[in-house]
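> with the sequence up front, the predicted model follows.
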Amino acid sequence: MADDLSDGQGNRELEDDLVALVGRPARSTAVALVDLAASPNTRIAFIGAGPETRFEIGSITKALTGMLLADAIDRREVSLETTVGDLVPDTAGTAFGSITFRELCTHTSGLPRMPEGPLAVFRGFRFLILGTHHYREMTASDVLKAAAHQRIRGRGEFRYSNLGGAVLGQLLALVAGAEYGPLLTERILVPLDMTATIVASPQQTAPPGWSSRGRRRPPWTTMGGFAPAGGLISTLSDMSRLAVALLNGSAPGSGSLTPIEGVATAGPNRDSGMFWGIESDPITNRRMVVHSGQTGGYSSFLGLTLSGGRAMIVLANIAGASKQQRIITGLAPHFGIQVPSEAEDKDSDGDQGRP
(Lines give C-alpha, C1' and ligand atoms only; values in the text may rest on other atoms or scores of the structure.)
Protein backbone atom coordinates (compact mmCIF):
# COMPACT_ATOMS: atom_id res chain seq x y z
CA MET A 1 0.00 0.00 0.00
CA ALA A 2 0.96 3.66 -0.24
CA ASP A 3 3.06 5.14 2.55
CA ASP A 4 1.04 6.77 5.31
CA LEU A 5 0.29 10.36 4.27
CA SER A 6 -1.66 11.26 7.40
CA ASP A 7 1.00 13.62 8.75
CA GLY A 8 0.23 15.93 5.81
CA GLN A 9 3.86 16.94 5.36
CA GLY A 10 4.66 17.77 1.76
CA ASN A 11 8.02 17.25 0.08
CA ARG A 12 9.74 20.65 0.13
CA GLU A 13 11.46 20.39 -3.25
CA LEU A 14 8.31 19.15 -4.93
CA GLU A 15 6.23 21.82 -3.20
CA ASP A 16 8.57 24.59 -4.39
CA ASP A 17 8.22 23.36 -7.95
CA LEU A 18 4.45 23.15 -7.61
CA VAL A 19 4.19 26.72 -6.33
CA ALA A 20 6.34 27.94 -9.22
CA LEU A 21 4.12 26.14 -11.73
CA VAL A 22 0.79 27.17 -10.26
CA GLY A 23 1.72 30.58 -8.87
CA ARG A 24 0.34 32.43 -5.88
CA PRO A 25 -2.38 33.18 -5.08
CA ALA A 26 -3.64 29.79 -6.25
CA ARG A 27 -6.58 27.47 -5.86
CA SER A 28 -6.29 24.17 -4.01
CA THR A 29 -3.87 21.76 -5.67
CA ALA A 30 -2.54 18.38 -4.52
CA VAL A 31 0.17 16.31 -6.17
CA ALA A 32 1.64 12.87 -5.47
CA LEU A 33 4.58 11.15 -7.15
CA VAL A 34 4.83 7.43 -6.52
CA ASP A 35 8.00 5.35 -7.00
CA LEU A 36 7.79 1.76 -5.80
CA ALA A 37 11.58 1.51 -5.69
CA ALA A 38 11.94 4.49 -3.33
CA SER A 39 11.50 4.77 0.41
CA PRO A 40 9.16 6.38 1.18
CA ASN A 41 7.39 5.34 -2.02
CA THR A 42 5.19 8.45 -2.23
CA ARG A 43 6.12 12.14 -2.25
CA ILE A 44 3.35 14.70 -1.88
CA ALA A 45 2.91 18.45 -2.26
CA PHE A 46 0.02 20.83 -1.66
CA ILE A 47 -1.23 24.33 -2.19
CA GLY A 48 -4.22 25.16 0.00
CA ALA A 49 -5.01 21.48 0.53
CA GLY A 50 -3.97 18.37 2.43
CA PRO A 51 -3.95 14.57 2.06
CA GLU A 52 -7.64 14.30 2.97
CA THR A 53 -8.98 17.31 1.04
CA ARG A 54 -11.87 16.22 -1.17
CA PHE A 55 -11.63 16.74 -4.92
CA GLU A 56 -13.99 15.82 -7.73
CA ILE A 57 -12.02 13.47 -9.99
CA GLY A 58 -14.37 13.65 -12.97
CA SER A 59 -13.64 11.13 -15.69
CA ILE A 60 -11.02 9.26 -13.70
CA THR A 61 -14.22 7.68 -12.41
CA LYS A 62 -14.38 5.88 -15.78
CA ALA A 63 -11.02 4.27 -15.06
CA LEU A 64 -12.48 2.78 -11.87
CA THR A 65 -15.54 1.69 -13.86
CA GLY A 66 -13.06 -0.04 -16.18
CA MET A 67 -11.57 -1.78 -13.15
CA LEU A 68 -15.08 -2.84 -12.15
CA LEU A 69 -15.54 -4.29 -15.66
CA ALA A 70 -12.27 -6.22 -15.49
CA ASP A 71 -13.26 -7.56 -12.09
CA ALA A 72 -16.68 -8.64 -13.42
CA ILE A 73 -14.91 -10.44 -16.27
CA ASP A 74 -12.69 -12.20 -13.72
CA ARG A 75 -15.87 -13.26 -11.92
CA ARG A 76 -17.26 -14.54 -15.28
CA GLU A 77 -20.33 -12.33 -14.97
CA VAL A 78 -19.71 -10.68 -18.36
CA SER A 79 -17.16 -10.58 -21.19
CA LEU A 80 -15.97 -7.93 -23.60
CA GLU A 81 -18.39 -9.44 -26.14
CA THR A 82 -21.44 -9.05 -23.89
CA THR A 83 -23.94 -6.78 -25.62
CA VAL A 84 -26.46 -4.30 -24.28
CA GLY A 85 -29.20 -6.51 -25.69
CA ASP A 86 -27.95 -9.48 -23.67
CA LEU A 87 -28.82 -7.57 -20.51
CA VAL A 88 -31.66 -5.31 -21.67
CA PRO A 89 -33.93 -7.57 -23.76
CA ASP A 90 -36.08 -4.67 -24.97
CA THR A 91 -33.09 -3.38 -26.97
CA ALA A 92 -32.33 -6.71 -28.70
CA GLY A 93 -32.35 -6.30 -32.49
CA THR A 94 -31.56 -2.57 -32.34
CA ALA A 95 -28.28 -0.82 -33.07
CA PHE A 96 -27.98 0.15 -29.41
CA GLY A 97 -28.70 -3.40 -28.31
CA SER A 98 -25.87 -4.75 -30.47
CA ILE A 99 -23.21 -2.54 -28.83
CA THR A 100 -20.61 -4.60 -26.96
CA PHE A 101 -18.81 -3.95 -23.71
CA ARG A 102 -15.60 -3.85 -25.77
CA GLU A 103 -16.98 -0.89 -27.71
CA LEU A 104 -18.29 0.89 -24.63
CA CYS A 105 -15.02 0.70 -22.69
CA THR A 106 -12.91 1.86 -25.68
CA HIS A 107 -15.17 4.72 -26.80
CA THR A 108 -15.89 3.07 -30.16
CA SER A 109 -19.62 2.39 -29.69
CA GLY A 110 -20.81 5.30 -31.83
CA LEU A 111 -22.75 6.82 -28.93
CA PRO A 112 -22.41 10.61 -28.64
CA ARG A 113 -20.45 12.27 -25.87
CA MET A 114 -23.71 13.27 -24.20
CA PRO A 115 -27.38 12.58 -24.95
CA GLU A 116 -28.51 14.75 -27.83
CA GLY A 117 -31.86 16.45 -28.24
CA PRO A 118 -33.91 19.43 -26.97
CA LEU A 119 -33.47 18.48 -23.30
CA ALA A 120 -29.69 18.41 -23.74
CA VAL A 121 -29.78 21.93 -25.18
CA PHE A 122 -31.78 23.12 -22.17
CA ARG A 123 -29.34 21.50 -19.75
CA GLY A 124 -26.39 23.12 -21.51
CA PHE A 125 -28.07 26.52 -21.26
CA ARG A 126 -28.83 25.95 -17.57
CA PHE A 127 -25.18 25.14 -16.94
CA LEU A 128 -23.99 28.37 -18.56
CA ILE A 129 -26.45 30.46 -16.53
CA LEU A 130 -26.54 28.67 -13.16
CA GLY A 131 -23.43 26.52 -13.18
CA THR A 132 -25.48 23.33 -12.65
CA HIS A 133 -24.18 20.41 -14.66
CA HIS A 134 -25.75 18.55 -17.56
CA TYR A 135 -26.36 15.26 -15.78
CA ARG A 136 -28.77 16.21 -13.02
CA GLU A 137 -31.90 14.22 -12.29
CA MET A 138 -31.10 11.29 -14.61
CA THR A 139 -31.57 7.88 -13.03
CA ALA A 140 -29.89 4.67 -14.19
CA SER A 141 -33.06 3.83 -16.11
CA ASP A 142 -33.08 7.31 -17.68
CA VAL A 143 -29.50 6.83 -18.92
CA LEU A 144 -30.35 3.54 -20.64
CA LYS A 145 -33.52 4.99 -22.17
CA ALA A 146 -31.69 8.09 -23.42
CA ALA A 147 -28.92 5.97 -24.93
CA ALA A 148 -31.46 3.75 -26.69
CA HIS A 149 -32.81 6.81 -28.54
CA GLN A 150 -29.46 8.16 -29.73
CA ARG A 151 -28.29 7.99 -33.30
CA ILE A 152 -25.26 5.68 -33.56
CA ARG A 153 -22.61 7.42 -35.67
CA GLY A 154 -19.03 6.50 -36.49
CA ARG A 155 -19.27 3.12 -34.83
CA GLY A 156 -15.85 1.52 -34.66
CA GLU A 157 -14.13 4.91 -34.61
CA PHE A 158 -12.80 6.55 -31.45
CA ARG A 159 -15.48 8.94 -30.21
CA TYR A 160 -15.21 9.87 -26.55
CA SER A 161 -18.53 9.23 -24.83
CA ASN A 162 -19.61 10.05 -21.30
CA LEU A 163 -22.91 8.45 -22.19
CA GLY A 164 -21.15 5.20 -23.09
CA GLY A 165 -19.27 5.22 -19.79
CA ALA A 166 -22.48 5.71 -17.86
CA VAL A 167 -24.25 2.94 -19.79
CA LEU A 168 -21.47 0.45 -19.09
CA GLY A 169 -21.37 1.22 -15.38
CA GLN A 170 -25.12 0.87 -15.05
CA LEU A 171 -25.11 -2.42 -16.97
CA LEU A 172 -22.46 -3.81 -14.58
CA ALA A 173 -24.69 -2.79 -11.68
CA LEU A 174 -27.67 -4.46 -13.39
CA VAL A 175 -25.76 -7.74 -13.76
CA ALA A 176 -24.73 -7.67 -10.08
CA GLY A 177 -28.23 -6.74 -8.88
CA ALA A 178 -26.90 -3.63 -7.12
CA GLU A 179 -26.57 0.11 -7.55
CA TYR A 180 -23.35 1.42 -9.05
CA GLY A 181 -22.02 3.20 -5.95
CA PRO A 182 -22.36 0.31 -3.48
CA LEU A 183 -21.04 -2.13 -6.10
CA LEU A 184 -17.92 -0.05 -6.75
CA THR A 185 -17.41 0.36 -3.01
CA GLU A 186 -17.67 -3.36 -2.31
CA ARG A 187 -15.53 -4.64 -5.17
CA ILE A 188 -12.92 -1.92 -5.70
CA LEU A 189 -12.81 0.75 -2.99
CA VAL A 190 -13.01 -1.40 0.17
CA PRO A 191 -10.30 -3.86 -0.94
CA LEU A 192 -8.02 -0.88 -1.63
CA ASP A 193 -8.88 0.86 1.67
CA MET A 194 -10.11 3.89 -0.30
CA THR A 195 -12.46 4.88 2.51
CA ALA A 196 -12.77 8.56 1.51
CA THR A 197 -13.73 7.87 -2.12
CA ILE A 198 -17.48 8.00 -2.72
CA VAL A 199 -20.11 8.81 -5.30
CA ALA A 200 -20.95 12.45 -4.61
CA SER A 201 -24.36 13.17 -3.14
CA PRO A 202 -26.08 16.23 -1.65
CA GLN A 203 -24.97 14.97 1.78
CA GLN A 204 -21.32 14.33 0.83
CA THR A 205 -19.61 16.63 -1.64
CA ALA A 206 -16.36 18.28 -2.50
CA PRO A 207 -16.20 22.03 -1.82
CA PRO A 208 -17.24 24.40 -4.64
CA GLY A 209 -14.57 24.71 -7.32
CA TRP A 210 -13.61 27.21 -10.01
CA SER A 211 -14.03 27.31 -13.78
CA SER A 212 -11.10 28.06 -16.07
CA ARG A 213 -12.47 31.63 -16.33
CA GLY A 214 -12.47 32.14 -12.58
CA ARG A 215 -16.16 31.54 -11.98
CA ARG A 216 -17.23 29.84 -8.77
CA ARG A 217 -18.78 26.46 -9.60
CA PRO A 218 -21.02 24.40 -7.30
CA PRO A 219 -20.06 20.78 -6.63
CA TRP A 220 -21.55 18.08 -8.83
CA THR A 221 -23.76 16.28 -6.33
CA THR A 222 -26.57 14.72 -8.35
CA MET A 223 -25.09 12.86 -11.32
CA GLY A 224 -27.36 9.92 -10.60
CA GLY A 225 -27.30 7.55 -13.55
CA PHE A 226 -24.20 9.27 -14.94
CA ALA A 227 -22.13 8.54 -11.82
CA PRO A 228 -20.06 5.78 -13.55
CA ALA A 229 -18.81 8.38 -16.04
CA GLY A 230 -17.65 11.05 -13.60
CA GLY A 231 -19.39 11.10 -10.23
CA LEU A 232 -16.63 10.24 -7.76
CA ILE A 233 -14.94 12.47 -5.21
CA SER A 234 -11.65 11.37 -3.69
CA THR A 235 -8.54 12.50 -1.85
CA LEU A 236 -4.83 12.45 -2.56
CA SER A 237 -4.39 9.73 0.07
CA ASP A 238 -6.92 7.46 -1.62
CA MET A 239 -5.63 8.15 -5.11
CA SER A 240 -2.11 7.30 -3.94
CA ARG A 241 -3.36 3.98 -2.57
CA LEU A 242 -5.00 3.30 -5.93
CA ALA A 243 -1.81 4.13 -7.84
CA VAL A 244 0.38 1.89 -5.68
CA ALA A 245 -2.04 -1.05 -5.98
CA LEU A 246 -2.23 -0.66 -9.76
CA LEU A 247 1.54 -0.49 -10.03
CA ASN A 248 2.14 -3.62 -7.94
CA GLY A 249 -0.77 -5.52 -9.49
CA SER A 250 -2.71 -6.02 -6.26
CA ALA A 251 -5.75 -3.92 -7.23
CA PRO A 252 -8.98 -5.71 -8.17
CA GLY A 253 -9.58 -5.18 -11.88
CA SER A 254 -5.92 -4.51 -12.70
CA GLY A 255 -6.57 -6.24 -16.02
CA SER A 256 -8.29 -3.06 -17.13
CA LEU A 257 -4.83 -1.61 -17.86
CA THR A 258 -4.04 -4.28 -20.47
CA PRO A 259 -4.21 -3.01 -24.09
CA ILE A 260 -7.25 -4.21 -26.02
CA GLU A 261 -6.24 -5.32 -29.50
CA GLY A 262 -7.94 -4.29 -32.70
CA VAL A 263 -9.78 -1.14 -31.62
CA ALA A 264 -9.48 2.41 -32.88
CA THR A 265 -7.74 4.85 -30.56
CA ALA A 266 -7.46 8.59 -30.04
CA GLY A 267 -4.28 8.94 -32.09
CA PRO A 268 -0.86 7.55 -33.03
CA ASN A 269 1.24 5.78 -30.41
CA ARG A 270 -1.95 5.10 -28.49
CA ASP A 271 -3.65 1.94 -27.26
CA SER A 272 -6.79 1.53 -25.21
CA GLY A 273 -7.40 -0.41 -22.04
CA MET A 274 -10.80 -0.58 -20.38
CA PHE A 275 -11.33 3.20 -20.45
CA TRP A 276 -7.61 3.79 -19.81
CA GLY A 277 -5.54 5.52 -22.47
CA ILE A 278 -2.13 3.92 -23.06
CA GLU A 279 0.60 6.19 -24.43
CA SER A 280 3.78 4.77 -25.98
CA ASP A 281 6.83 6.98 -25.46
CA PRO A 282 8.69 6.85 -28.82
CA ILE A 283 11.97 7.77 -27.09
CA THR A 284 12.06 5.33 -24.18
CA ASN A 285 9.57 2.82 -25.62
CA ARG A 286 7.84 2.78 -22.26
CA ARG A 287 4.09 2.78 -21.96
CA MET A 288 2.25 5.25 -19.77
CA VAL A 289 -1.30 4.41 -18.73
CA VAL A 290 -3.33 7.56 -18.19
CA HIS A 291 -6.73 8.97 -17.42
CA SER A 292 -7.70 12.53 -16.67
CA GLY A 293 -10.88 14.21 -15.60
CA GLN A 294 -12.70 17.49 -15.46
CA THR A 295 -15.90 18.79 -13.93
CA GLY A 296 -17.26 22.32 -13.87
CA GLY A 297 -14.82 23.32 -11.13
CA TYR A 298 -12.17 20.58 -10.89
CA SER A 299 -9.49 18.85 -12.94
CA SER A 300 -7.54 15.67 -12.27
CA PHE A 301 -4.83 13.44 -13.75
CA LEU A 302 -3.50 9.95 -13.03
CA GLY A 303 -0.59 8.55 -15.01
CA LEU A 304 1.27 5.27 -14.43
CA THR A 305 4.37 3.71 -15.95
CA LEU A 306 3.93 0.06 -15.11
CA SER A 307 7.40 -1.05 -16.16
CA GLY A 308 9.00 1.80 -14.19
CA GLY A 309 6.83 1.40 -11.11
CA ARG A 310 6.00 5.09 -11.03
CA ALA A 311 2.84 7.19 -10.95
CA MET A 312 1.83 10.85 -10.99
CA ILE A 313 -1.39 12.24 -9.52
CA VAL A 314 -2.56 15.84 -9.90
CA LEU A 315 -5.81 17.10 -8.30
CA ALA A 316 -6.98 20.71 -8.50
CA ASN A 317 -10.16 22.61 -7.67
CA ILE A 318 -10.03 24.55 -10.91
CA ALA A 319 -11.11 23.33 -14.35
CA GLY A 320 -9.07 23.85 -17.49
CA ALA A 321 -6.83 21.44 -19.37
CA SER A 322 -4.09 23.95 -20.13
CA LYS A 323 -3.52 24.84 -16.47
CA GLN A 324 -3.28 21.24 -15.42
CA GLN A 325 -1.10 20.32 -18.38
CA ARG A 326 1.41 22.95 -17.27
CA ILE A 327 1.65 21.24 -13.88
CA ILE A 328 1.96 17.77 -15.40
CA THR A 329 4.66 18.80 -17.85
CA GLY A 330 6.53 20.84 -15.24
CA LEU A 331 6.67 17.91 -12.82
CA ALA A 332 7.74 15.43 -15.50
CA PRO A 333 11.44 15.55 -14.46
CA HIS A 334 10.40 14.23 -11.04
CA PHE A 335 8.35 11.55 -12.76
CA GLY A 336 11.23 10.33 -14.91
CA ILE A 337 9.38 9.97 -18.21
CA GLN A 338 7.98 12.18 -20.96
CA VAL A 339 4.31 12.65 -20.16
CA PRO A 340 1.56 12.86 -22.80
CA SER A 341 1.29 16.20 -24.55
CA GLU A 342 -2.40 16.36 -23.78
CA ALA A 343 -4.91 14.34 -21.82
CA GLU A 344 -7.33 12.33 -23.90
CA ASP A 345 -10.56 13.41 -22.25
CA LYS A 346 -9.97 17.03 -21.39
CA ASP A 347 -12.11 19.79 -22.83
CA SER A 348 -10.32 22.90 -24.01
CA ASP A 349 -12.68 24.97 -21.87
CA GLY A 350 -13.54 23.93 -18.36
CA ASP A 351 -16.73 25.97 -18.54
CA GLN A 352 -18.21 23.17 -20.61
CA GLY A 353 -18.42 21.21 -17.39
CA ARG A 354 -18.02 17.77 -18.87
CA PRO A 355 -16.32 14.93 -17.00
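Arrived safely, thanks for sending.
> C-alpha only now, for contacts and for neighbours.
OK.
> pLDDT weak spots in the stretch 251-355 of the chain?
Applying pLDDT under 70 to the stretch 251-355 of the chain picks out residues 336-355.
> okay, strands next: where are they in it?
All strands of the stretch 251-355 of the chain, identified by DSSP state E, counting those that start in this stretch, fall at 270-272, 277-280, 287-294, 299-305, 310-316.
> sheet partners, orientation included, of the first one?
What it means is strand 270-272. Strand 270-272 pairs in its sheet with strand 277-280 (antiparallel), by DSSP bridges.
> list the contacts of the strand it pairs with.
For strand 277-280, contacts defined as C-alpha atoms under 8 Å, 6 or more residues apart in numbering pick out 259, 269-272, 286-291, 340, 344.
> hmm, 10 Å instead?
If you take C-alpha atoms under 10 Å, 6 or more residues apart in numbering as the criterion, strand 277-280 is touched by 63, 106, 257-259, 265-272, 285-292, 303-305, 338-340, 343-345.
> okay, the strands of the stretch 251-355 of the chain in CSV with mean neighbour count and distance to L33 next?
Listed next are the strands of the stretch 251-355 of the chain as CSV, based on neighbours: other C-alpha atoms under 10 Å; distance: least, C-alpha to C-alpha, whole Å:
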stretch, mean neighbour count, distance to L33
strand 270-272, 22, 23
strand 277-280, 23, 18
strand 287-294, 26, 14
strand 299-305, 27, 10
strand 310-316, 26, 5
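> nearest to R75, of those strands?
For R75, the closest of the strands of the stretch 251-355 of the chain is strand 270-272, at 21.9 Å, according to C-alpha to C-alpha.
> how about residues contacting the closest one?
If you take C-alpha under 10 Å, 6+ apart as the criterion, strand 270-272 is touched by 105-107, 256-266, 277-281, 287-290.
> and V290, what does it touch?
So V290 contacts 60, 63, 257, 272-273, 275-279, 301-305, 311-312, 339-340, 343-344 (C-alpha under 10 Å, 6+ apart).
> quick one, helices of the stretch 1-150 of the chain?
12-22, 60-74, 84-87, 101-105, 118-130, 140-148 (DSSP state H, counting those that start in this stretch).
> which one of those lies closest to G297?
With C-alpha to C-alpha as the measure, helix 118-130 is the member of the helices of the stretch 1-150 of the chain nearest G297 (12.0 Å).
> what's across from the nearest residue to L315 once chain neighbours are set aside in the sheet?
Leaving aside its sequence neighbours, L315 sits nearest to S300 (C-alpha to C-alpha, 6 or more residues apart in numbering; 4.6 Å). Note on S300: beta-bridge partners by DSSP bridges are G293, L315.
> S300 and Y180: what is the separation?
Distance of S300 to Y180, given as C-alpha to C-alpha, to the nearest Å: 22 Å.
> likewise W210?
Taken as C-alpha to C-alpha, the span from W210 to Y180 is 28 Å.
> G85 too?
Distance, G85 to Y180, by C-alpha to C-alpha: 19 Å.
> of these two, which one has the most company?
Y180 (25 against 18; other C-alpha atoms under 10 Å).
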